[in-house]
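J.: Next one to model:
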Amino acid sequence: MENLSTDTSHIREWRSIITLVAFFLANIAVLFPFHIPLPIPRLLWNATLSVLVKLRIIPPRRSKEDASQTHHNHGKTTGSGIFRMSHFPINMVTAPLLADLFLLATGTIGRAEVYAGTVGANSIDPIDVMLFFITLAYIALSLDAAGLIRYLACRVLKASKSGRRLYFYLYAFFFGLTTCIGNDPIILSGTPFLAYITRISNIEDPAAWVYAQFAIANIASAILVSSNPTNLVLTAAFSIRFIDYTANIIVPVLFTVVLLFPFLLFVVFRDKGCIPPTIEMQKLNLLHDGDGEEGEADRAPVNPNIPYAHAQNGDDQQGLREVLNPYLDKWGAVFAALVMAATLIAILALNAATGGEVPVYWVTLPAAVVMFCRDVTSGWLNRHETRELARRGQREAERAEVAEAIIAERRRQHHEELCEKENSGLPRRRAAAPAHPPSTHLDRRRRGENRSQSRSATDADLERQISQELQLRHLQRQQPPEQTKTTLVSLCRDAQAWARATFPTATTVLSLLPFPLVPFAFAMFVLVEALVTNGWVPVFAYAWHHWVDKTGTVGAIGGMGFVSVILCNFSGTNIGTTILVCRIIQTWQQIHADASSNISDRTFWGTVYSMALGVNYGAFSSAFSASLAGLLWRDILAKKGILLRRTGFLRANVPLISVAMAVGLAVLIGEIYIIRGEQAYALR
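T.: Predicted coordinates for the structure are as follows:
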């Protein structure tokens, strides 16, 4: 490890103060993203659009924006006419990046900090970490896209009708899968699966199921280095072999998993509405009762990666169909599982043989390329089938859209007619109803036939209108080239549609890769380097040094666990926390080296593995933004109709994180005292 500065004398300088403020504001923006309104002169906006249209980058505007929208109110021009308001997002991607640019502009940081935050310094190589994580994520997401997770979850669902037993099965299922492939695929597939289960069953409150899934996914991600980018940063910072990391962390994690389940079941979610005694599921219905058509359960599952895949069978039972009759690409799943297993074994072997000297992305990058080539080849060989499914689905989706618009217009016209009658002001007299003789069976039959004929006429009229509208749209798409010029935007849109229909798996996986993590992580690395060079990390390291001197090994383990969980919510997710805390511990090592004193082996490794528990468990603590997985999880649930608020997230997770950390740290303390001694830890 390179020598780190432990000088704290210049923290009172203006550059140091600016650095701390920029770091604090960037993390606040990650916690609470917002938009900044930017007034753009309308003349400049229209001129720019005109240039882009002339260059055939964007299509012509349907209606020219009236630059003379400026209206005068009491002789003053309103801003709505002169300016066009745009909104710039301040979020997890832009906030740290803007903070870095601001520090560069003020001369607070320079080339050294940017180099250390991107290329690497002190055993942390951001480029290696990001390449490893992105390439391994491709393999895991390809395994998910093959439908294996949904298929296995369906098998687990059908294994038991008991509420508590099913709760346990899903708990164990998500733990096992997350341990092997990481938490992102489990969040992407497991979360919609649970949302559908709660919708189509007698589960009144989905909280017990979704919170348990999120907690267990983040607990299990602590076991393997490959399961979470925080583990990659940690092992790189302290030159820990992957097999040694797993051997030291697995026992506290297993105890946490075993003891947390009864706490979830009998304490936090003991209400029967959360976990009913028996699970009653809806059933897939026949599309047309009694007409001989095949039922939903008998249909072959459709690949959800194909555009408009679910439009061809209707959307009314889409969620139920995905849960009870999931799609599975058997050969794709087998191939992806073999590649994933071989990759993980090769990573462990390479890391153990070289002691971490060889970058592990040397294994994951070729494996991801092999997986990508397989996905592309499979898509090309099946392109005729997938393109036909996409075309058919698009036609039916367009037909459904037209039908919905026509019905909505009819309802609007009918409502206007009723309103006109009510507002006409004409007196209405109710004629005395003539006495009717008792209706006979023949009369009721005739009235039923009349109603049936009326409905048939209405349906025929609706079908005629739909056909006319579809023909009109088709003619509009067949306009002469001079009226519909090809532009860069249209070419990109057509290329994307072609790629999605031809290579559905590859394009789906590429769209799901966590690319926003890359600029976020690099920007956070640079911000932490700014704290190092401007004296703040040494200040934090000295504070930690004094705390450990007063509290010993137990205080180091408990204190680091508490600090790392808290910082996950206030230091740019658990990734930002890991980067910051690793630098603090490295500087703590340097403080002892400068003073020619020693850290005991027991205290040092207790601190490191306590941080490993904290940054993984800290994802389910008080804020969604404690992890990128939390933000993804919240958004998926919102799309499925389950809205979670910050206060509810806090109330549900405070008891969970308290018990999980208490159990994990208690077991870690016992483990450290058994396998570690008081001999000096050797500074590397």
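J.: could you pull out the strands for this structure?
T.: 34-41, 72-73, 76-77, 83-90 (DSSP state E).
J.: so can I have JSON lines of these showing mean pLDDT, distance to residue 246 and mean neighbour count?
T.: Where you see a C-beta, it was placed from the backbone N, CA and C, and this is true even at glycine. Listed next are the strands of the chain as JSON lines, based on pLDDT from 0 to 100; distance: least, CB to CB, whole Å; neighbours: other CB atoms under 10 Å:
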{"stretch": "strand 34-41", "mean pLDDT": "88", "distance to residue 246": "40", "mean neighbour count": "11"}
{"stretch": "strand 72-73", "mean pLDDT": "41", "distance to residue 246": "69", "mean neighbour count": "8"}
{"stretch": "strand 76-77", "mean pLDDT": "39", "distance to residue 246": "67", "mean neighbour count": "10"}
{"stretch": "strand 83-90", "mean pLDDT": "87", "distance to residue 246": "38", "mean neighbour count": "14"}
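J.: and those as a markdown table, adding distance to residue 564?
T.: Below are those laid out as a markdown table (distance: least, CB to CB, whole Å):
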| stretch | distance to residue 564 |
| --- | --- |
| strand 34-41 | 27 |
| strand 72-73 | 56 |
| strand 76-77 | 55 |
| strand 83-90 | 26 |
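J.: my guess is residue 134 meets residue 516, correct?
T.: No - assessed by CB atoms under 8 Å, residue 134 is found out of contact with residue 516, at 11.4 Å.
J.: Would you mind telling me which of the two has the busier surroundings?
T.: residue 134 (19 against 13; other CB atoms under 10 Å).
J.: unless I'm mixing things up, residue 235 is touching residue 356, no?
T.: Yes - counting by CB under 8 Å, residue 235 does reach residue 356; the two are 7.3 Å apart.
J.: Would you mind grabbing the residues shared as contacts by those two?
T.: Counting by CB atoms under 8 Å, 6 or more residues apart in numbering, the contacts common to residue 235 and residue 356 are residue 241.
J.: The two - which one has more neighbours?
T.: residue 235 (22 against 17).
J.: list the contacts for the more buried one?
T.: 225, 241-242, 245, 356.
J.: Any idea which helix or strand in this protein has the lowest mean pLDDT?
T.: Counting by mean pLDDT, DSSP states H and E, the weakest-scoring helix or strand in the chain turns out to be strand 76-77, with a mean of 39.
J.: sorry, back to before: when you check the contacts of residue 235 against the helices, which ones overlap?
T.: Counting by DSSP state H, the contacts of residue 235 place 242, 245 in helices.
J.: Scan the contacts of residue 235 and report the most crowded one.
T.: In terms of neighbour count, residue 225 stands highest of the contacts of residue 235 at 28 neighbours, by other CB under 10 Å.
J.: Helices along the stretch 451-600 of the chain, start to end?
T.: 488-502, 504-512, 517-533, 536-568, 573-594 (DSSP state H, counting those that start in this stretch).
J.: Count the neighbours of residue 547 for me.
T.: Look at residue 547: counted by other CB under 10 Å, it has 14 neighbours.
J.: Would you confirm that it contacts residue 555?
T.: Yes - contact criterion CB under 8 Å: residue 547 and residue 555 qualify, at 6.5 Å.
J.: where does this structure dip in pLDDT?
T.: Scanning the chain for pLDDT under 70 picks out the ranges 1-4, 62-80, 284-299, 310-319, 424-459, 462-466, 468-484, 572, 682-684.
J.: any idea how far residue 211 is from the closest residue to residue 97 other than its chain neighbours?
T.: What sits nearest to residue 97 in space, not counting adjacent residues and going by CB to CB, 6 or more residues apart in numbering, is residue 523, at 4.7 Å. Taking CB to CB, to the nearest Å as the measure, residue 523 falls 30 Å from residue 211.
J.: now swap in residue 541 and tell me
T.: 35 Å.
J.: Also residue 553?
T.: Applying CB to CB, the value for residue 553 to residue 211 is 33 Å.
J.: now do residue 328
T.: 28 Å.
J.: Comparing these two, which residue is more hemmed in?
T.: Neighbours were counted for residue 328 and for residue 211 using other CB under 10 Å; residue 211 has more, 21 against 17.
J.: and the residue lying closest to that one once chain neighbours are set aside, how many residues sit next to it?
T.: Distances taken as CB to CB, 6+ apart put residue 652 closest to residue 211, at 5.0 Å, once the chain neighbours are dropped. When neighbours are defined as other CB under 10 Å, residue 652 has 21 of them.
J.: Now do the contacts for residue 652.
T.: Taking CB under 8 Å, 6+ apart as the criterion, residue 652 is in contact with 207, 211, 268.
J.: Pull out the buried residues from stretch 580-590.
T.: By neighbour count on 16 or more other CB atoms under 10 Å, the buried set for stretch 580-590 is 580-590.
J.: now swap in stretch 270-287 and tell me
T.: Residues of stretch 270-287 classed as buried by neighbour count (16+ other CB under 10 Å): 274-276, 279, 281, 284.
J.: And those, which is closest to residue 169?
T.: Nearest to residue 169 among the buried residues of stretch 270-287: residue 279, at 10.9 Å, using CB to CB.
J.: shouldn't residue 594 be in contact with residue 5?
T.: No - Residue 594 is beyond contact range of residue 5, at 10.1 Å (criterion: CB under 8 Å).
J.: For residue 338, find the nearest of the strands of the chain.
T.: The nearest among the strands of the chain, by CB to CB, is strand 83-90 at 40.8 Å.
J.: by contact count, what packs against that closest one?
T.: The contact analysis (3 or more CB pairs under 8 Å, 6 or more residues apart in numbering; DSSP states H and E) places strand 83-90 against strand 34-41, helix 42-54.
J.: between the last one and strand 34-41, how big is the angle?
T.: Which is helix 42-54. Orientation check (axes from the mean of the first three to the mean of the last three CA atoms, to 10 degrees): helix 42-54 against strand 34-41 gives 90 degrees.
J.: Please point out which parts of helix 42-54 sit buried.
T.: With burial defined by 16+ other CB under 10 Å, the residues of helix 42-54 counted as buried are 42, 46, 49.
J.: Throw these into JSON lines and include distance to residue 372, thanks.
T.: JSON lines is the format used below for the buried residues of helix 42-54 (distance: CB to CB, whole Å):
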{"residue": "42", "distance to residue 372": "45"}
{"residue": "46", "distance to residue 372": "43"}
{"residue": "49", "distance to residue 372": "37"}
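J.: since we're on residue 413, how many residues are nearby?
T.: 10.
J.: Return the distance of it relative to residue 420.
T.: 11 Å.
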